[in-house]
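K.L.:
just the structure for this:
(2 chains)
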2 protein chains.
Amino acid sequence: VSGTRYLILAEGFSGDPHYGKTMRGVLRYRRDDVVAILDSTRAGEAEDGVPVVGSVDDALPLEPNTALVGVATQGGRFPPAWMEILRTCLARGLHVENGLHVFLSDIPELRELAARNGAEIRDLRRPPQDLSTATGANLEVPSTIVLTVGSDCAIGKMTVSLELDLEARRRGVESVFVPTGQTGIAIAGWGIAVDAVVADFIAGAAEQLVVEGAARGGELLWVEGQGALLHPVYSGVTLGLYHGSVPHLLVLCHQAGQTEIEGAGGGPHRIPPLSELVELHERIALPARPARVAAVALNTRQLGEGEARSALAAAEDETGLPADDPVRFGAERLTEAVLSAEKG
Amino acid sequence: VSGTRYLILAEGFSGDPHYGKTMRGVLRYRRDDVVAILDSTRAGEAEDGVPVVGSVDDALPLEPNTALVGVATQGGRFPPAWMEILRTCLARGLHVENGLHVFLSDIPELRELAARNGAEIRDLRRPPQDLSTATGANLEVPSTIVLTVGSDCAIGKMTVSLELDLEARRRGVESVFVPTGQTGIAIAGWGIAVDAVVADFIAGAAEQLVVEGAARGGELLWVEGQGALLHPVYSGVTLGLYHGSVPHLLVLCHQAGQTEIEGAGGGPHRIPPLSELVELHERIALPARPARVAAVALNTRQLGEGEARSALAAAEDETGLPADDPVRFGAERLTEAVLSAEKG
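P.N.:
Next up is the predicted model:
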């Protein structure tokens, strides 16, 4: 990872909060590695202090060495304008990192262009070749393992893991963030998109990740959660990741005020009360690795500050657990809760 | 399916109870479609009244039209002797059905041989191309959906689904068995191996299966369960199948006397008491489709008859649910339990 100088490809979407998850994540957690953002519709502006350029060539004076697909395109596919950008990047010798569902290295033209120009195409969602079913090696990992779980997708599980990892490292803990999705992989420079592996291998992929996290020196591992245990579409990934990563502790993430799972058909899909979610997550742990919820992370971005404080107090009352919004109010309290649960 | 005349390929393993799951399943539930079994180590014998032959050519007078890979080979791969058998089958114009992990249609030599002789290679575990994430169409299926769940893999979930389906049809119910693994697919002639799909699509595959089961006229659908909710390796598949098939009722399967999950590393992996398993399975249902356990199916094959009766009585006492071994004592009682739960 070190030495990476990113040009973030965000054509048409650099200002879009919904499609720009990878761009925003990398800007927040790897700001120093980003030299420019490409979006011809905003050329000349800046985002988070990073210059927005109108073309690949306009970025070259800033010496990027890697182009990162930073936004989701419609259906995860690459329309002609995007293909032209990707061709130019490879022709200029830039590596290309891509976390969308379509694998760029499956496109012969791009693969040849990369080979000819000494560039690499890295499809972040492509599963490694050596996956297998879980073996039990996960239970021998000596680290303390903390998994973020939640009431829905896209409510901030990755962000909570990253914020608590940062805070633990600030406190001198040998702490490692373990990425399980494309944005986490782009941020950390390693990992496996567990939702892209063959179903039989979900737990095996999670096992491989915690083994690697320990090998990277993590005495405390923050495993990025995926989906939700009662999500009608993604619960299989959630439980496989849970059982395969064998966490000791869980941080339960919830968007304050949300009562239904969003974007899933056939609903409404009601979210149970927090106290029920805490119990259900503890009940479904493997008997060989009991897990308990150490804290509740509330995403309060849609609330005013007073309402946010009230929501946190209500969550604490209901669950008897420390609750906080680590993005809004800092990660100290939740990190403290996990570190003291670890000792307890 | 109709018109299929199977030559079951079982070279070296036709007498092996562990490796012969597919052969035994097809012999039990599609006996009339089997004309011969190939196993040169037992040529001249018979299995369940079906002649065992020593070579493909010896089977030809019996006019098979399809060769079914009926046993698991070491590591799911095909050693040279097997390749020779497969080549001969295709050269004689037999279709080949294969449920092992290695896909035969990926082997160019076999693919060419098949094309040249008008034969088809059907890899039963190969996921269909048109899979997607679950859409909610499952919740609109008008059928009553019954899923077998269990305390471990390989304890008879498929068999229970098949036996109860047979009994329901005997009673005149428009009942359909919904196959989710290779043996079930070989028996029913359709289905998806849900453990072989991309993790994101587990629930989507299960949804597609119940939609198809209803389209096949099933007013009562018996979905073949996979894995176990607390299995350290396969739980992701189990929960994705559960939430994607949106069952109204569950039949909990357990091998009498078994206290630990078998064959998973890092254990012991304790099996909780039946009453806890009942509650956990009901708790983890989607709020949009509550499910309850209608009956307990005990596999008592390792017990004497007196012990088996005691185990069934103990299971009934513990859970308050009807319990029986449908293979040993007939499927009437459990089918009755499901049909009356459906009405209740």
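K.L.:
which non-adjacent residue is nearest residue A:88?
P.N.:
In space, and not counting its chain neighbours, residue A:88 is closest to residue A:56: 4.4 Å by Cβ to Cβ, 6 or more residues apart in numbering or on different chains. Heads up, the C-betas are built off the backbone N, CA and C, glycines and all.
K.L.:
hmm, I typed the wrong one, I wanted residue A:99.
P.N.:
residue A:182 (2.7 Å).
K.L.:
other residues contacting stretch A:263-274?
P.N.:
Contact with stretch A:263-274 is made by A:151-153, A:230-233, A:252, A:254, A:258-261, A:277, A:280, A:296, A:315, A:318-319, B:134-140, B:286-288, as judged by Cβ atoms under 8 Å, 6 or more residues apart in numbering or on different chains.
K.L.:
helix/strand/coil for the closest residue to residue A:113 other than its chain neighbours?
P.N.:
Spatial nearest neighbour of residue A:113, chain neighbours left out: residue A:90 (4.3 Å); criterion: Cβ to Cβ, 6+ apart. What DSSP: H, G, I helix; E, B strand; the rest coil gives for residue A:90 is helix.
K.L.:
close enough to count as contact, residue A:90 and residue A:119?
P.N.:
Yes - when contacts are counted by Cβ atoms under 8 Å, residue A:90 is listed as touching residue A:119 (5.0 Å).
K.L.:
overlap of the contact sets of those two?
P.N.:
The contact lists of residue A:90 and residue A:119 share A:96, A:113, where a contact means Cβ under 8 Å, 6+ apart.
K.L.:
between these two, who's got more neighbours?
P.N.:
Higher neighbour count among residue A:90 and residue A:119: residue A:90, with 27 against 20, using other Cβ atoms under 10 Å in any protein chain shown.
K.L.:
for that one, give me its contacts.
P.N.:
A:96, A:110, A:113, A:114, A:117, A:119, A:121.
K.L.:
distance of the fifth one relative to residue A:53?
P.N.:
When you say that, I think you mean residue A:117. 20 Å (Cβ to Cβ, to the nearest Å).
K.L.:
tell me the secondary structure for residue A:238?
P.N.:
Assignment for residue A:238 (three-state DSSP): helix.
K.L.:
show the model's pLDDT score for the closest residue to it other than its chain neighbours.
P.N.:
Residue nearest to residue A:238 in three dimensions, not counting chain neighbours: residue A:227, with 3.9 Å by Cβ to Cβ, 6+ apart. Here the pLDDT value assigned to residue A:227 is 97.
K.L.:
try residue A:14
P.N.:
89.
K.L.:
secondary structure element holding it?
P.N.:
Residue A:14 is located outside every helix and strand, with elements delineated by DSSP states H and E.
K.L.:
thought it was touching residue A:71?
P.N.:
Yes - here residue A:14 reaches residue A:71: they are 7.2 Å apart, a contact under Cβ under 8 Å.
K.L.:
okay, and the common contacts of the two?
P.N.:
The overlap between the contact sets of residue A:14 and residue A:71 (Cβ under 8 Å, 6+ apart) consists of A:20, A:23.
K.L.:
name the SS class of the residue nearest to residue A:238, please.
P.N.:
coil.
K.L.:
that one: how many residues sit nearby?
P.N.:
The tally of other residues near residue A:227 (other Cβ under 10 Å) stands at 28.
K.L.:
report the contact partners of it.
P.N.:
The neighbours of residue A:227, taking Cβ under 8 Å, 6+ apart as the test, are A:153, A:195, A:233, A:234, A:235, A:237, A:238, A:241.
K.L.:
and which of those is nearest to residue A:84?
P.N.:
Proximity of the contacts of residue A:227 to residue A:84 (Cβ to Cβ) peaks at residue A:195, which lies at 29.4 Å.
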